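Chemist: I would like to see how this sequence folds:
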Amino acid sequence: MMEIVRGRIRAYDAATHTADVEMARGPAAWLGGLPVVANCPAGFLVAGREVAVLLWSDVQGVVLGPYGANADNWAFNGKLASPYTP
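Modeler: Numbers count the residues shown, from 1 in each chain. As a prediction, the model looks like this:
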């Protein structure tokens with residue numbers, strides 16, 4: 001089962017294009033080292049920014065990109081492929 005949830009960036013690693021994300025469900029619910037889709041610019045992944053996260057029940061998930069009003073006119077182009085591995 002998959003689910004899209006809202007989260008907030010805690011930290012971003014540009015070398016691996018991964019992020020530590022605090023889920024909106026509560027400050028204790030956070031995941032570290034989530035891969036970020038390849039077409040999401042690093043400039044959007046600053047601490048405190050809200051993001052959309054796609055979660056799977058059998059693995060962690062992936063950061064899809066900015067969420068809400070702070071998306072700075074960025075549009076997801078539908079490509080989920082990423083050269084990065086968690």
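Chemist: give the contact list for the residue nearest the centre of the chain.
Modeler: In the chain, the residue lying closest to the centroid (C-alpha atoms, centre = their mean) is residue 63, at 2.2 Å. Contact analysis of residue 63 by C-beta atoms under 8 Å, 6 or more residues apart in numbering lists 7, 19, 21, 34, 35, 36, 37, 40, 45, 51, 52, 53. C-beta here means a position set from N, CA and C on the backbone, and glycine is covered the same way.
Chemist: From the residues you listed, which one has the minimum pLDDT?
Modeler: Among the contacts of residue 63, residue 40 has the lowest pLDDT, at 85.
Chemist: Excluding chain neighbours, what is closest to that residue?
Modeler: residue 65 (4.5 Å; C-beta to C-beta, 6 or more residues apart in numbering).
Chemist: Settle this for me: that neighbour is touching residue 49, isn't it.
Modeler: No. The criterion here is C-beta atoms under 8 Å, and residue 65 misses it with residue 49 at 10.0 Å.
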